[in-house]
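Asker: Mind looking at a prediction? Sequence and model below.
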Amino acid sequence: MNHQSFRHGLRMAAVAAAACVSLSAHAGLVTWTITGPGITSASQAGDTATLNYSQPGSAGYASQTWAIRAVADTSGNFNFDWDYTGFHSFFGVTAFLTTTLGDTLVNAGPANCCSSPSSGFSYNGSYTFTGLTAGQSFGFNVGGAHFDSTQVKQGTVTLKQIPEPTSLALAGVGLYGVAPFMGPWKHNTVWAQAAQKKPLTIGLTMDASGQFAASGGEERLGAMMAIKEFNDKGGVLGRRIEAIHMDTETTPATGSRVAERMIARNEAAFLIGAVHSGVANAISQVAQKYGTIFLNTNSSSPTEAGKDCHRVKFVWDGNGTNFAHAIVKNAIRANGKNWVLMTNDYVWGHSTSKATRALVEANGGKIIDELLVPQNTRDFSSYLLKLQQLKPDVVATAIGGDDIKALRQQ
């Protein structure tokens, strides 16, 4: 994201700050159960449930899964803060936490003693089950594996339900007058702060490590340039801007924790940033819970403006379909019809290569192979050897961040 793009984002933020809020229907508290191998237990006190699993040492090495389930009492959205702690002994340790909607919240390991998760682990975040119907079963799958003679697997998942208020309306006059702005939150963060004289805090959720560290650094530089320009002109809505930055590490779980801390502790009025679509989605779920505007500046997966869109999320980056329309026809005409796809193995890579494949085939081309590339790959020698064997006319890469930098250098 460049300096001009961030200026555009700040103008959008000023409009959002004056928006109205009207709240959706209340979803009742749910009761949780846990099932799976070994010993399980569940306890619940009000809005907080504690689910435990423990597998004896005779159970063996294989990966095990425990199912944590509840049933929606009404149709709507169900919001939860979650904590997952545990210990799987000691070598080849993995730990995972996924949802029945297909999202991965924790995917750790394998690791050996004594680094996390083999030394014990602790993860936390927030998650919203959206669009559930009354009577629908939903929840989490949790567990992991190890390769160790001690053969211990034990863990605890704590779930705190964040109920959606039944009614509240705040109205303000912005650039477009008075209009309803729907969402399941207690208040709009910026509007609630409007009468305060203190500076406007913006949380910069850019990566400083991981696959998109370089991109995050450039994005942060552009953001700070734009903030200085606005402060030199008196700030936004009469308030100076203060920026705080925390590294989201190109990891969805970290993005969720960073967003939670920025909003709950630092009182950030807006969150701005994200390159990795999984990180952006995690941030936006926390922002949705609190009614905090999130400006997703640089995620190119169509899911960000599609199925994972929230009413507090603004997305303006192009996506893989846009990029494919810009290059495929000319590349077929200039270079040839036999194509190989190189795809980062996560949602942005898959959606971008899917769009490229459709356009190549629609214009008479052929995909002769697709090579899946794990995130954080630095050695591409095996892929380059494969390309020499395939001899394609065109190689279309849906590879991002430091991965594509390494590929270009090799």
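Answerer: That came through, no problem. Numbering: from 1, shown residues only.

Asker: C-alpha from now on. contacts and neighbour counts both.
Answerer: Noted.

Asker: can I assume residue 250 sits in a helix?
Answerer: No. Secondary structure of residue 250, determined by DSSP: H, G, I helix; E, B strand; the rest coil: coil, with no helix assignment.

Asker: right, and it touches residue 209 too?
Answerer: Yes. Shown here, residue 250 and residue 209 form a contact pair, counting by C-alpha atoms under 8 Å, at 6.8 Å.

Asker: Can you spell out which helices and strands pack onto the helix ranked longest in the chain?
Answerer: With DSSP state H applied, the helix covering the greatest number of residues in the chain is identified as helix 213-232. Packed against helix 213-232 by the contact rule (3 or more C-alpha pairs under 8 Å, 6 or more residues apart in numbering; DSSP states H and E) you find helix 3-17, strand 241-245, helix 401-409.

Asker: Report the rounded mean pLDDT for the longest one.
Answerer: Put plainly, it is helix 3-17. Model confidence over helix 3-17 averages 51 on the pLDDT scale.

Asker: Beta-bridge partners for residue 272, please?
Answerer: For residue 272, the beta-bridge assignment (DSSP bridges) gives partners residue 204, residue 295.

Asker: Show the contacting residues for it.
Answerer: Under the criterion of C-alpha atoms under 8 Å, 6 or more residues apart in numbering, the neighbours of residue 272 are 202-206, 294-297.

Asker: Do a quick rundown of the helices in this protein.
Answerer: According to DSSP H, the chain carries its helices in the segments 3-17, 189-192, 213-232, 252-264, 277-290, 320-335, 347-362, 381-390, 401-409.

Asker: returning to what we had before: and residue 250 and residue 209? Which one has more around it.
Answerer: The residue with more neighbours, out of residue 250 and residue 209, is residue 250; 26 against 16, by other C-alpha atoms under 10 Å.

Asker: how near is that one to residue 74?
Answerer: Residue 250 sits 35 Å away from residue 74, taking C-alpha to C-alpha, to the nearest Å as the criterion.

Asker: Same check on residue 239?
Answerer: From residue 239 over to residue 74 the distance is 41 Å, taken as C-alpha to C-alpha.

Asker: about what we covered before: out of the helices of the chain, which is closest to residue 130?
Answerer: helix 277-290 (10.0 Å; C-alpha to C-alpha).

Asker: Could you figure out how far that closest one is turned away from helix 252-264?
Answerer: 30 degrees (axes from the mean of the first three to the mean of the last three C-alpha atoms, to 10 degrees).

Asker: what's helix 277-290 packed up against?
Answerer: Partner elements for helix 277-290 (3+ C-alpha pairs under 8 Å, 6+ apart): strand 121-132, helix 252-264, strand 293-296, helix 347-362.

Asker: Same question for the longest helix of the chain: list its buried residues.
Answerer: 213-216, 218-220, 222-224, 226-227, 230 (16 or more other C-alpha atoms under 10 Å).

Asker: Let me have the residues you listed in CSV, adding distance to residue 409 and pLDDT as columns.
Answerer: Formatted as CSV, the entries for the buried residues of helix 213-232 read as follows, by distance: C-alpha to C-alpha, whole Å; pLDDT from 0 to 100:
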residue, distance to residue 409, pLDDT
213, 17, 80
214, 15, 80
215, 17, 80
216, 20, 82
218, 20, 84
219, 23, 85
220, 25, 88
222, 26, 87
223, 28, 87
224, 30, 90
226, 32, 88
227, 34, 89
230, 38, 90
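
Asker: hang on, the earlier thing: any chance of the helices and strands packed on helix 277-290 in CSV, plus mean neighbour count?
Answerer: Shown next, in CSV, are these (neighbours: other C-alpha atoms under 10 Å):
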stretch, mean neighbour count
strand 121-132, 18
helix 252-264, 22
strand 293-296, 27
helix 347-362, 20
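
Asker: Go through the ones you listed and name the closest to residue 162.
Answerer: strand 121-132 (9.4 Å).

Asker: partners of that closest one, with directions?
Answerer: Its sheet considered, strand 121-132 pairs with strand 76-88 (antiparallel) by DSSP bridges.

Asker: Excluding its own residues, what touches the strand it pairs with? List them.
Answerer: Counting by C-alpha under 8 Å, 6+ apart, the neighbours of strand 76-88 from elsewhere in the structure are 25-27, 94-95, 117-133, 144-146, 151-164, 289.

Asker: Next: stretch 41-60.
Answerer: When contacts are defined by C-alpha under 8 Å, 6+ apart, stretch 41-60 is touched by residues 29-34, 36-40, 66, 68, 149-162.

Asker: Could I have the PyMOL command that selects the buried members from these?
Answerer: Only the buried members of the contacts of stretch 41-60 end up in this PyMOL selection, burial being decided by 16+ other C-alpha under 10 Å:
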select buried, resi 29+30+31+32+33+34+36+40+66+68+150+151+152+153+154+155+156+157+158+159+160+161+162
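
Asker: tell me the mean pLDDT over stretch 29-43?
Answerer: Rounded mean pLDDT across stretch 29-43 is 93.

Asker: Need the distance between the two termini of that stretch.
Answerer: With C-alpha to C-alpha as the measure, the ends of stretch 29-43 fall 14 Å from one another.

Asker: now it, how far from the centre of its chain.
Answerer: Its chain's C-alpha centre lies 27 Å from the corresponding centre of stretch 29-43 when counted by C-alpha atoms, centre = their mean, to the nearest Å.

Asker: Also stretch 402-410?
Answerer: 24 Å.

Asker: Buried residues, it. List them.
Answerer: 402-404, 407.

Asker: Would you map the strands across the stretch 1-150 of the chain?
Answerer: Using DSSP state E, counting those that start in this stretch, the strands of the stretch 1-150 of the chain run over residues 21-22, 33-35, 39-45, 48-55, 64-71, 76-88, 93-99, 104-111, 121-132, 137-145.

Asker: what's near enough to touch the residue nearest to residue 79 when sequence neighbours are not counted?
Answerer: The spatially closest residue to residue 79, leaving aside those adjacent along the chain, is residue 128, at 4.3 Å (C-alpha to C-alpha, 6 or more residues apart in numbering). Under the criterion of C-alpha under 8 Å, 6+ apart, the contact partners of residue 128 comprise 77-80, 285, 289.
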